[in-house]
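Asker: Can you look at this prediction? I've put the sequence above it.
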Amino acid sequence: MKYLSHRTFSGLMALALCLGVLLPACDAKAEDAKASGGAQVIATVNGQPITEAQVREKGAAQFKQLDRDYEQNKYQLLQGQLEQLIQDRLLDAEAAAKGVSKDQLLADIKAAEVTDAAIDAFYEENKARIPQPKEQVGPQIRQYLQQRGQFEAREKFFSDLKAKYKVEMKLEPLRTEVAATGPAKGPESAPVTIVEFSDFQCPFCARLIPTLDQVKAKYGDKVRVVFRQFPLAMHAQAQKAAEASLCANEQGKFWELHDAMFKNQQQLAVENLKAKAAELGLNADSFNSCLDSGKFQAKVAEDMEAGTAAGVSGTPALFINGRFINGAVPLEQITEVIDDELHRKGA
């Protein structure tokens, strides 16, 4: 019976294949090694032993990432199978209520016809990324809009059924423990904490700023935003910009310099940072000494280590009560998670 959405089905297939590759078969030797705490010798060089524990220590970061990937895949598979079972029961209930088959219910889900006006509008919105004339790509746009419309119609169908039959999700989301240490906006008692790992030279991080401002405006004291440093090696000026923000934080001006740097990411050289600090009313001598000395270099490294351990590999990266969101995502994607967290906490 074809009632599972294309997105869910594709995700499940990919995850199943991934899990099939990554999950080992039962192996007595592997179990023995696990029980021994990794003390088993797995190689010798010139008579000197190399243990599994030594190998795992050397590749600790990679093993941690592998563990994270496995847990994520396992959770997504669990989530997908749960959704399939929910859809099963919703269809059973609705089919019984209407006196029709489940196949008929699904067949009755119809998306609106794609109009020429809709094709024109889509082309105009996306023509910067479409190299061909509209006349050439019109059929492909129509097909895409038809598929998207059908998917959205099916999503709405099941969403309405979930409301009608009072579906309550009790599966806890996958969370990663991340310390909420750093400059922050919002009370420590807020029911939702967003830990943001960011890079002052990253253009995608700058795009996220207005979104987070909207979050604060919408939720007020229900949300606390904590900033942690993650300057990428590809951005030559990001490291000193990160240190500068902490030097400003020392004088109670973190967010002022934060906003100024993101507003003009072309002016992040050390001399520019010192000029910005002076414009914002910071004590120039203290700030300049702090920045030149590398006082907060270790703190930046600490943040990066924490981010890497949590699975951050690029910026921006958000952890909303430990729930990971990667990239400069739309406001709706963030508020969906926040609303769910508030609901879970009865807030």
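Answerer: Looks like it came in fine. Residues are numbered from 1 along each chain as shown.

Asker: Okay, helices next: where are they in the chain?
Answerer: Applying DSSP state H to the chain gives helices spanning 6-22, 28-35, 52-58, 60-98, 102-107, 116-126, 134-164, 203-219, 238-250, 254-263, 270-279, 284-293, 297-309, 331-344.

Asker: nearest to Thr193, of those?
Answerer: Nearest of those to Thr193, taken as Cβ to Cβ: helix 331-344 at 9.3 Å. Quick note: C-beta positions are derived from backbone N, CA and C, even for glycine.

Asker: For the protein, which residues score under the pLDDT cut-off?
Answerer: 1-37 (pLDDT under 70).

Asker: which ones are touching Gln201?
Answerer: Taking Cβ atoms under 8 Å, 6 or more residues apart in numbering as the criterion, Gln201 is in contact with Pro231, Leu232, His235, Ala236, Gln237, Ala238, Ala241, Gln265, Leu268.

Asker: Now it. Nearest residue, chain neighbours left out?
Answerer: With Cβ to Cβ, 6 or more residues apart in numbering as the criterion, Gln201 has its nearest non-adjacent residue at 3.7 Å, and that residue is His235.

Asker: The one you found and Phe200, how far apart?
Answerer: 8 Å (Cβ to Cβ, to the nearest Å).

Asker: anything in contact with each of those two?
Answerer: Both His235 and Phe200 lack any common contact, where contact means Cβ under 8 Å, 6+ apart.

Asker: Look at the two and report which has more neighbours.
Answerer: Neighbour tally, His235 and Phe200, criterion other Cβ atoms under 10 Å: the higher count belongs to Phe200, 26 against 19.

Asker: Check the contact between that one and Ala242; I expect there is one.
Answerer: Yes. Counting by Cβ atoms under 8 Å, Phe200 touches Ala242, with 6.4 Å between them.

Asker: which residues do these two both contact?
Answerer: Common contact partners of Phe200 and Ala242 (Cβ under 8 Å, 6+ apart): Pro231.

Asker: Let me know the closest of the contacts of Gln201 to Thr115.
Answerer: Gln265 (41.2 Å).

Asker: Relative to Ala284, how far out is that closest one?
Answerer: In terms of Cβ to Cβ, Gln265 sits 22 Å off from Ala284.

Asker: Excluding covalently adjacent residues, which one is nearest to Leu171?
Answerer: Leu82 (6.0 Å).

Asker: ok, now Leu161?
Answerer: Leu90 (4.2 Å).

Asker: tell me the contacts of the one you found?
Answerer: Contacts for Leu90 (Cβ under 8 Å, 6+ apart) come out as Phe158, Leu161, Lys162, Tyr165, Val167.

Asker: go on, Gly59?
Answerer: Contacts of Gly59 (Cβ under 8 Å, 6+ apart): none.

Asker: can you give me phi and psi for it?
Answerer: Phi and psi for Gly59, reported as degrees, to the nearest 10, are phi -100, psi 30.

Asker: how distant is stretch 160-179 from the center of its chain?
Answerer: 17 Å (Cα atoms, centre = their mean, to the nearest Å).

Asker: now do stretch 309-325
Answerer: Distance of stretch 309-325 from its chain centroid, counting by Cα atoms, centre = their mean, is 6 Å.
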